[in-house]
Each structure stands twice: as structure tokens, then as C-alpha cells.
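1. With the sequence up front, the predicted model follows.
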Amino acid sequence: MDFSFSQEQQMLQDSVSRYLQKSYDFDARQTLVESDAPWSDDVWQQFAELGLMALPFSEDQGGLGGSISDCVAFAGAFGKHLVVEPYISSTLFAGAALAASDNSAAQKWIEKLASGECVAALAYEEGHGTANLAQIEMIAQSDGGGFTLTGEKRLVIAGAQADILVVVAKISGSDQIGLFLVEKNADGLETRAYDTIDGRSAANIRFDQVAVTHDAVLLDNASNALESIFANTIIVQSAEAVGAMSALLELTSEYAQTRKQFGVPIGSFQAVAHRLADMKIAYSKALATLTYTTALAESGSLTVRDIAVLKGQVGKLGRALGEASIQTHGGVGMTDELNVSHYHKRLLAYDAQLGDHFYHLRVLGQH
Amino acid sequence: MNIDFAPELEEFRTEVAEFFATAPTPAIREAGRKTTSVFAPFEQCMQWHNILYKKGWVAPHWPEEHGGTGWSVEQRFIFAEEYRKADLPPLLPQSLGMVGPLLIDLGTQEQRDRYLPGILNGADFWAQGYSEPNSGSDLASLSCRAERDGDDYIINGSKIWTTYAHHANRMFMLVRTNNEGKKQQGITFLLLDRVDYPGMEIRPIVGLDGFPEQCEVFFDNVRVPQSGRVGEENDGWSVAKHLLKHERGGGSAASPTLLRYCERARAAAAETPSPFGGTMADDPVFQRDLGELEADIASLAHFEKLAISGHEIARDPAFPSMNKTINSELVQRASVLMTQVSGVDGLARQLEALRVGSNVEPLGSEFDLVAMPLYLNSRATTIYAGSNEVQRDLISRSLPGA
């Protein structure tokens, strides 16, 4: 067993961390979040120059053939800096859905994604927040030359800005789940854009008999591909969340040693010290589970249970750590000005997507 | 990053499983099923210890040159997993897990030659003499005295919570050799060659589960040779701290045992009616409780595997304390779930049915027989080996800024 990152992975990790330390401190991030721009195009281009955009795609597809552990190596820095650019949702999540198809239209979009020229969005969530494909309600009705899509998608990250939507829908008259390519501004789309609590841009999108041709069908039986795309996305998002947990643990323990009440640092009180100890335990469990699950994925031995453990644990532990961090900071932890609450909101957002911990932990007990 | 799933490992798994299916006697198997503590029934446990010794598998975590197996991390985990699946009694930790590794690291050649063979083959069992009636969490305040007299020490005082001292033939202990300066600086670590020295008395203490697992040990002018000292006089605290690394984790894996508890609870829940109709296993609340527990145990398993593979997580100074805290609280949670499933059937006091070889048919199932004693006994896990309050103090001191 070897759970360490390779030298190349450490170099990638270092270059992403260095770039974010230089250009993405908390003040810069807040200025960006409060501006009208959904994210920074400069940062997006820098990600492309660092090679992140091409990383996950295979060499045949014009990418760098990176592995899941490559992404895990640098995603922690995204969490630490609370990155709002839709890299994971576009390049990894929607990108993987495109890469699973042999449709030539998909290949064209992959090239643009790999060079950082476009943004894609995977329209999956329907509001119940589960990762259970059997619950998908959006219908793709066969219609002569193609399909019409009807239903509503929620929390589509970058859904209003994306050049292309990859839509998950149940194919009418069958049990199959299909993946469909829908271009921006297609007729019948009603998009309601909003900011998320953790500083990202999302949209709820209504599909009213949106017509797509046969060429727009990426996969007509996508369940297995989606399970694996969800698994990989969950691993990288968990790495981001564990990065946020690490930052919170560090800044909270430092705060507890400097903040004085009753004439002494609050960290010298056992009630506070023990909460900090529990935060470290939570972080260590999350880190161990992330690391082991990544190695399992790398070895091709991942099971549904392993992903449920990871998502359930990081969701639950991250939330607990965030709450403990706010409590330790006291009043100042309640402010928008301090970064603590922003980390917590990123962890809440992580938990709610692709099945929250209540869902995943019950799945474990069920079978 | 990689995890080895080579076919040879599956062959190894089969070899281990076959040995576990054939080597233990019926009494050893019965002891495994009736283990309701970290400490398995003594007699059968030591028989099993010797069988494993003869096979060469008694100390997988030891260095190979001292009797370890030289297995990979994967093999050690497969061994632990198959061990628990077979419901075999866990080996007692004091000898193989504590004093043995300590002597390998810090003992003299003479001490190793004298004691390691008996530790490995199970001829000896060592009791751990640490706590005293007035020194629990504040162990460094201990006052059991040893005074030099020629080539010997004369010991006066008492030790308590010495697990299985009534079964032991040897003992390692901490004694006070100096009252001046910092309390940690006057402590010495001693190996006692016997436990029947004149002036030594061992009294078992019946625990809340009805079993005499713990003991109190009294010393009245007990004369022991100085050659049993490990490390320098008055430097026993650093020896004890070194041993704690072995006691609080690193060597063996607890997660397979915990997963086994879950498997047993899950199987029993499928046979237990729920007051809401159906079985307990169908109840969504039970499913969530079980799922949360299993996920936490999985995280411990990941933590243990990273540690055994030498990952940096195990080099964190707080690692032993985190490992002990996580593991001990999971034992308690698993036992709570088990008593929830056993319900009223766990209320019968069945000490005779629990005794290995008694041939007393239990009321209800074997699961119901062990759930409550396990729950009661596991109240100790957050108290022993340094209470979890002490562990959290230590963890908090490892944080940045502290």
C-alpha cells in the first residue's frame, strides 16, 4: 500500500497552491464574489495555463490523461482558497460526461474545455439532493428526429453562463437514463440564475419541451457511466472539502491561542481545548477516508459503499467542524467579514450536493 | 497511490481462513464467541496464543528478526479481517502488544533473551502495574515506592486496575524512586520476574459485568532484583511514554473487530421485530444509526491502514491519542447498538452461560447473551490507557499555536 502523492503530483499541488496564495487571498476572493462577475476569467485562463483544464481528459481526446489522484492532489488548495470558478463542475463533472460519449459533438466540446475556451454544466440535481438515479423525473420524449426534454433542474453550477448543458433525463417508455447535449439559448429553456451561499453561480433551469436532435444524444443508457462520474466528482469535491476543513482547523486553533478572555487564551480552557481536539479528530478521519478512497479508485476497486462512506463522512464531519469553528470564534465567527463562515458555507454546499450525509449514511445501513 | 489487490493476496486470505477454520479447538471458538471485553477468556486465549505461535503467526506487528511475520500491510489487514470473521478470541495485549515491543526497543540483551521467548510462545503472561488508588489520569503522581537495598529494590504500596493479574506470572510496573523535583522525574520502570514474591498479594475485583477482570496488587516490603529495571533509575516516565505508543495504537487494528460487531448487530436486527412493525433491520432510523456507525468504523479502518503503511498521519504526535479516542468511543457506540437490538433479552444475568465450557444453554440467542456484558465492560474503554479527557488534552496540545 502506498498512500502518498508522487513527485509530479506534489509539483502540481505546489504550483496550484503557489498561484492561489499569490492571486487568490481571501480579500481578492471576496471582491470577486461581491462583483457582478460570476467568477474571474483571468483565474480561469491561469487554470488552463497550469494545465488543469486539459488534465482529466485522455491523450486521445487532446488532454493530459491525468488520474483521479492528480485532481485530489490540488483540489485541497481549491478548498483552502474557497475557489468560486466552476472548475470541478465544468471540467471534471460535465467534462467526464462528455468524455464518456463517442459522439463527435462531444469531442468538439472537450477540445474547447481542455483549452479553457468554454464552460460546461451538468444538469443533474432536481431538488431532492440525492445521488439516486432512480429518482430522476425529467423526461426525454422520443419525437421523430430526436427528443424533447421536459422538467426542471436545480442548482446547475454555472448553469446560466455555460456554453453547453449536459442534461440527465429518463427516456420515456424505458427505465433508461440518457445524457443529452443542450446548447445555450435553446428554445424552451427558462433559466433563473442565482448566487449560492458559498459564492458560486448557479441556476435553476426549466425545460419546456426543449427539442434536441439525435446528434445531441451523448449516451442513451448512461446509468453506469453516471455512477462512475458521480464517484469521481465526489472524490474531488471531498478533497476540496477536506482542504477547507484543514484551513478551518488551523485558523481556529491559532485563534484559540491568541484570543484572551478572563486574562488567558481561551484555548487554555478544557471545554474549548476538547472541542479543538474533536475538530482535529474529525479532520483526521475525513483525511484518512479521502486518502484511502482515492487509492481505491486509483486501483479500480471502488464500490458503491466506499463512496457512500466518503460522502457521508466528509459531509457530516465537515459540517460539525464548521459549526465548532464558529462557536470557538464567538461573535466574530458570525460575521460575513471573517472567512470562517465562508468555509462553513462551502462545507454545507458540499454536503447538500450529490446526496447529503443523511442519505449516504442510511444507504450504508440499508444494505 | 496504490493498493495491492494481487491474486497472491487472495491466496493468502484463503490460507489464513483455512487455518482459522481448522486450527482452533471447540473451546477456543467458544471463547471467541463469548468474548465480551478487550480481554478474552484467559485459559482458551492462551491456548490459542500457543497455536498461533507454533504457526509463526503470533506477532505480525513485531520486527521479523524478533519473531514477526514480515507481512505487508495488506497481509496484516487480511489476517486481522479473517481473524474477526472467524470470531476467534483476540490475543491479550499486555505481553505481545506492550512489554514485548518495549523490550525490543529499550530492553537489555539479557532482558530480551530471558523474556521474549515466553512472551512469544505464551508460557508467560504479563500484568501491567500502572494505576494506583490515588493515581489514575494523573499517573505521574504515583506513590508506590521502590527503595534500593544492595542489588535489589524493596517495593511498598499498591497498584489497581491491573487486568488479569490473578492469571499473570510476571508483571511490569512503574514505581517511585525519588520524591524530589518534577513528579515525572522520580519514576522507574521495573520488570517483575514473578508475582508471588513474599509480601505480594493479588486480589481480584468483580466488575460491573460480574466478572473478576481487574485486580488490586499489594506490595509489603517486596524484594526484587535491580536487573529488572528498564532504562535508568528515575527515567521510567520516558520508558512508559514509549510503551504508550504501542498501547494506544499503531501495532494492531481495531476496526475488523468493530465491523464484526456491526455484522452481528445487523444479522440480529433482521431477526428482531420492530415496535413499528417489520424487523428492526427495516426501520429507517436503525438503518441510519447502523450506517453512521459503519461509516465511522470505515474511517477508523482507513486511519489504521494509512498508519500501518507509514503515512505521515501516523507521525503526528497526537496520533496515538486520536487512535485511542476514536477506537474506544466506537467500541462503546457499537455496544450501545447491540444492546438496542437485544432489548429486554439482554437483561438476563447469565454468568454461567457465558463461562466457556459450562454447557449452560443461554436464554435467547448467543447475540443476546453477549450484548449487555459487552456494553457494560466497554464503559471502561474511555477510562483505561489514559482517559479520553486526558487524550483530548494531549490532542489539543498538538494543534498549531498551542
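-> Yep, that arrived.
2. now the strands: where do they sit in chain B?
-> Assignment of strands within chain B using DSSP state E yields the ranges B:126-129, B:145-149, B:152-160, B:170-176, B:187-192, B:200-205, B:214-225, B:229-230.
3. With distance to chain A as added columns, please give those strands in CSV.
-> (C-beta placed from N, C-alpha, C; glycine too.) Shown next, in CSV, are the strands of chain B (distance: least, CB to the nearest CB, whole Å):
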stretch, distance to chain A
strand B:126-129, 25
strand B:145-149, 31
strand B:152-160, 25
strand B:170-176, 25
strand B:187-192, 25
strand B:200-205, 29
strand B:214-225, 27
strand B:229-230, 31
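4. now for those, which one comes closest to residue B:336?
-> The minimum distance between residue B:336 and those falls on strand B:214-225, with 22.2 Å, by CB to CB.
5. Just want the angle from that closest one to strand B:170-176.
-> For strand B:214-225 against strand B:170-176, the angle by axes from the mean of the first three to the mean of the last three CA atoms, to 10 degrees is 80 degrees.
6. quick one: strand B:214-225 to chain centroid distance?
-> In terms of CA atoms, centre = their mean, to the nearest Å, the centre of strand B:214-225 is set 23 Å apart from its chain centre.
7. what mean pLDDT would you report for that strand?
-> Mean per-residue pLDDT for strand B:214-225: 98.
8. cool, stretch A:210-229 as well?
-> Rounded mean pLDDT across stretch A:210-229 is 94.
9. cool, and stretch B:2-10?
-> Regarding stretch B:2-10, the rounded mean pLDDT is 85.
10. can you map out the helices along the stretch 101-250 of chain A?
-> A:104-114, A:223-258 (DSSP state H, counting those that start in this stretch).
11. Of the strands of chain B, give the one that comes closest to residue A:84.
-> The closest approach between residue A:84 and any of the strands of chain B, judged by CB to CB, belongs to strand B:126-129 at 54.9 Å.
12. Can you tell me the strand partners of that closest one and which way each runs?
-> Sheet pairing for strand B:126-129, assigned by DSSP bridges, gives strand B:170-176 (parallel).
13. can you list the domains in chain A?
-> Domain assignment for chain A by automatic domain parsing gives A:7-114, A:120-221, A:224-366.
14. Buried deepest among the ones you listed, which one?
-> Among the domains of chain A, domain A:224-366 has the highest mean neighbour count (mean count of other CB atoms under 10 Å in any protein chain shown), at a mean of 21.
15. who in the stretch 201-350 of chain B is up against chain A?
-> Listed as neighbours of chain A in the stretch 201-350 of chain B under the rule CB under 8 Å from any CB of the partner chain: B:284, B:286-292, B:294-296, B:298-303, B:305-306, B:308-309, B:311-313, B:316, B:318, B:322, B:325-326.
16. ok, 7 Å please
-> B:284, B:287-292, B:294-295, B:298-299, B:302-303, B:305-306, B:309, B:311, B:313, B:318, B:322, B:325-326 (CB under 7 Å from any CB of the partner chain).
17. what about burial for those residues, which qualify?
-> B:287-292, B:294-295, B:298-299, B:302-303, B:305-306, B:309, B:311, B:313, B:318, B:322, B:325-326 (16 or more other CB atoms under 10 Å in any protein chain shown).
18. quick one, what contacts residue A:125?
-> A:153-155, A:353 (CB atoms under 7 Å, 6 or more residues apart in numbering or on different chains).
19. if I look at the residue nearest to residue B:351 when sequence neighbours are not counted, how far off is residue A:316?
-> Spatial nearest neighbour of residue B:351, chain neighbours left out: residue B:210 (4.9 Å); criterion: CB to CB, 6 or more residues apart in numbering or on different chains. Noted for residue B:210: a distance of 37 Å to residue A:316, by CB to CB, to the nearest Å.
20. The residue nearest to residue B:351 contacts residue B:352, doesn't it?
-> No. Look at residue B:210 against residue B:352 with CB atoms under 7 Å: they stay out of range, at 10.3 Å.
21. Show me which of these two is the more surrounded one.
-> Between residue B:210 and residue B:352, residue B:210 has the larger neighbour count (other CB atoms under 10 Å in any protein chain shown), namely 14 against 10.
22. interface residues of the stretch 201-350 of chain A facing chain B?
-> With CB under 7 Å from any CB as the criterion, the stretch 201-350 of chain A meets chain B at residues A:250, A:253-254, A:257, A:267, A:273-274, A:276-277, A:280-281, A:284-285, A:287-289, A:291-292, A:294-296, A:298-299, A:301, A:309, A:312-313.
23. Return the subset of the residues you listed lying in helices.
-> Counting by DSSP state H, the part of those found in helices is A:250, A:253-254, A:257, A:273-274, A:276-277, A:280-281, A:284-285, A:287-289, A:291-292, A:294-296, A:298, A:309, A:312-313.
24. re earlier: now, the residues of the stretch 201-350 of chain B next to chain A that are in helices?
-> B:284, B:287-292, B:294-295, B:298-299, B:302-303, B:305-306, B:322, B:325-326.
25. Can you pull up the most central residue in chain B?
-> Residue closest to the average C-alpha location in chain B (CA atoms, centre = their mean): residue B:93, at 4.4 Å.
26. quick one: low-confidence parts of the stretch 201-350 of chain B?
-> Confidence mapping of the stretch 201-350 of chain B against pLDDT under 70 gives the ranges B:247-252.
27. whoops, I mixed them up, chain A
-> A:129-130.
28. most distant residue from the middle of it?
-> Using CA atoms, centre = their mean, the residue of chain A lying farthest from its centre is residue A:263. It sits 42.9 Å away.
29. how many other residues sit next to the closest residue to chain B within the stretch 1-150 of chain A?
-> When you check the stretch 1-150 of chain A against chain B by CB to the nearest CB, the closest residue turns out to be residue A:1, at 4.3 Å. Using other CB under 10 Å, residue A:1 has 19 neighbouring residues.
30. who's in contact with it?
-> B:3-4, B:73-74, B:305, B:309.
31. returning to what we had before: how about the helices of the stretch 101-250 of chain A in JSON lines, adding distance to residue B:143?
-> Formatted as JSON lines, these follow (distance: least, CB to CB, whole Å):
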{"stretch": "helix A:104-114", "distance to residue B:143": "71"}
{"stretch": "helix A:223-258", "distance to residue B:143": "34"}
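32. could you measure residue B:225 against residue B:153, distance?
-> From residue B:225 to residue B:153 the distance is 8 Å (CB to CB).
33. So the two - more neighbours on which side?
-> residue B:153 (22 against 14).
34. Tell me what the nearest residue to the more buried one once chain neighbours are set aside is bridged to.
-> Leaving aside its sequence neighbours, residue B:153 sits nearest to residue B:146 (CB to CB, 6+ apart; 4.0 Å). Taking DSSP bridges as the rule, residue B:146 bridges to residue B:155.
35. Model confidence for residue B:146, exactly?
-> For residue B:146, the predicted pLDDT is 98.
36. Next, work out how far apart it and residue A:191 are.
-> Taking CB to CB, one finds residue B:146 at 80 Å from residue A:191.
37. same deal with residue B:226?
-> Taking CB to CB, one finds residue B:226 at 84 Å from residue A:191.
38. before we move on, what about residue B:295?
-> Counting by CB to CB, the gap from residue B:295 to residue A:191 is 37 Å.
39. Please apply the same query to residue B:56.
-> 68 Å.
40. How much space separates the residue nearest to residue B:50 when sequence neighbours are not counted from residue B:149?
-> Leaving aside its chain neighbours, residue B:50 sits nearest to residue B:122 (4.5 Å; criterion: CB to CB, 6+ apart). For residue B:122, the distance to residue B:149 (CB to CB) stands at 34 Å.
41. Tell me which of those two has more neighbours.
-> Comparing residue B:122 with residue B:149 by other CB under 10 Å, the one with more neighbours is residue B:122, at 22 against 11.
42. so the more buried one touches residue B:48, yeah?
-> No. In this structure, residue B:122 is not within contact of residue B:48 by CB under 7 Å, at 8.6 Å.
43. Need the domains of chain A in CSV (columns: distance to residue B:240).
-> Output for the domains of chain A, formatted as CSV (distance: least, CB to CB, whole Å):
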stretch, distance to residue B:240
domain A:7-114, 37
domain A:120-221, 47
domain A:224-366, 22
